[in-house]
Each structure stands twice: as structure tokens, then as C-alpha cells.
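Colleague: Just the structure for this:
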Amino acid sequence: MHIGKILIVFSFISIILAITLLSKSVYDDYVYANKYDVVYNYINKIETEDTKKLNGVLEIPSIHLKTGIVSNVDEGLVFVTDRLIAGHSGNCKVCYFDNLDKLELGDNVYLYIDKETEYKVDSIKEVDKTRVYINGDLNLITCKKSDKDRRLLISLVKIS
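Modeller: Next up is the predicted model:
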């Protein structure tokens with residue numbers, strides 16, 4: 001009787017370990033946009049296979065964010081248009097905009113594409129998810145954590 005229970009527990013633990021080990025390599029590839037060396041290489045124009053996958057890098061010092069911009073929102077931050085960057089917030093592996101609600105007017109934001117461009121937070125609004133008004137030089141958008149029918153829209157003005 002005890003041997004049967006031990007085998008069940010052992011099997012369960014083995015399955016969990018196997019899933020964890022298999023998903024680690026998938027996870028490492030999945031969030032390449034947030035790896036320090038990839039972001040550093042992109043900013044410093046050191047071309048690698050991973051930096052070729054990035055469309056840019058977004059840095060927001062006040063919320064300790066510095067991550068790559070990719071092609072699919074389920075892998076990280078994406079350009080929806082040349083003036084709108086979208087990202088997930090919440091509790092997920094690629095929720096890089098989780099602390100976007102902590103931004104304040106005047107906070108600095110840096111976008112690296114061909115060169116570093118500095119922006120300042122100009123307005124912070126909650127908008128209906130079906131009506132997004134883009135009014136800044138660059139805008140950041142994510143879901144409002146407490147209401148998935150609303151969006152948090154941060155408008156930025158270009159400084160340099």
C-alpha cells in the first residue's frame with residue numbers, strides 16, 4: 001500500500017521536474033528581448049542573431065524597465081504604429097508594462113532605434129479599450145489592472 005503511494009508521489013514529482021526543465025529552455029528563448037546582453041548589444045549596435053529580432057529598446061528608469069521591442073505582444077512590447085507601443089501588464093512572463101501605472105508626469109522615457117530619443121511623460125489617461133486616442137509623439141498602452149475593459153494610455157512628448 002505504501003509503495004503504491006510512494007510511486008504516485010515519485011511519478012508526480014518526476015513529471016513536474018520534466019516540465020520545469022523543458023519549459024526553462026523555452027522560457028529562456030521566449031523572453032530574449034529582456035536579456036541584459038541582447039538589450040546592451042542592441043543599444044551599442046553590436047549585431048547578433050537576437051538583436052536582429054528586436055525592433056528597438058524601451059527604457060523607463062523610474063519603473064526600472066529596459067527591454068527590447070519585438071514583433072508579437074505575447075513575446076514582449078510591440079509597436080502597434082510608429083507612435084504606439086503596447087505591452088501586457090499583470091502577472092505573466094512578458095508583462096513588462098506591469099508598473100506602467102506608477103509613471104508620473106515628467107518622468108523620462110528613452111527609445112533606442114537608430115539613436116537614443118528622449119521623451120517625457122506628458123499625460124496619463126484611462127481610456128475605453130475600444131477608443132484609443134493617440135495624441136503624444138509616442139504613446140504607451142496596456143490593460144488597466146483592475147478593469148480589463150479599460151486601457152492605461154501614457155502620452156509622451158519628444159525632448160531630443
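Colleague: what's the distance between stretch 97-114 and the middle of its chain?
Modeller: Its chain's average C-alpha position is 12 Å from that of stretch 97-114, according to Cα atoms, centre = their mean, to the nearest Å.
Colleague: May I have the distance across it, first residue to last?
Modeller: Taking Cα to Cα, to the nearest Å, the span from the opening residue of stretch 97-114 to its closing residue is 23 Å.
Colleague: got a list of contacts for that stretch?
Modeller: For stretch 97-114, the external contacting residues (Cβ atoms under 8 Å, 6 or more residues apart in numbering) are 42-43, 55-65, 77, 87-91, 116-124, 138, 140, 142, 144-145, 152, 154, 156, 159. To be clear about C-beta, it is placed using only N, CA and C from the backbone, and glycine gets the same treatment.
Colleague: Buried ones in it, by neighbour count?
Modeller: Residues of stretch 97-114 classed as buried under the neighbour-count rule (16 or more other Cβ atoms under 10 Å) are 97, 98, 100, 101, 103, 107, 109, 110, 111, 112.
Colleague: which two from those residues end up farthest apart in space?
Modeller: Based on Cβ to Cβ, the longest span within the buried residues of stretch 97-114 runs between 101 and 112 and measures 23.5 Å.
Colleague: From the contacts of stretch 97-114, list the buried ones, please.
Modeller: By the neighbour-count criterion of 16+ other Cβ under 10 Å, the contacts of stretch 97-114 include these buried positions: 42-43, 55-60, 63, 65, 77, 87-89, 117, 119, 121-122, 124, 138, 140, 142, 144, 152, 154, 156.
Colleague: Just the residues you listed: which are in helices?
Modeller: Among the buried ones among the contacts of stretch 97-114, DSSP state H puts 42, 43 in helices.
Colleague: can you give me the strands in this structure?
Modeller: Ranges of strands in the chain, per DSSP state E, are 56-60, 65-70, 77-81, 84-86, 108-112, 116-128, 138-144, 147-158.
Colleague: among these, which is nearest residue 50?
Modeller: Between residue 50 and the strands of the chain, the shortest gap by Cβ to Cβ is with strand 65-70, which sits at 8.4 Å.
Colleague: lowest confidence element among the helices and strands of this protein?
Modeller: For the chain, counting by mean pLDDT, DSSP states H and E, helix 2-30 ranks last in confidence among helices and strands (a mean of 55).
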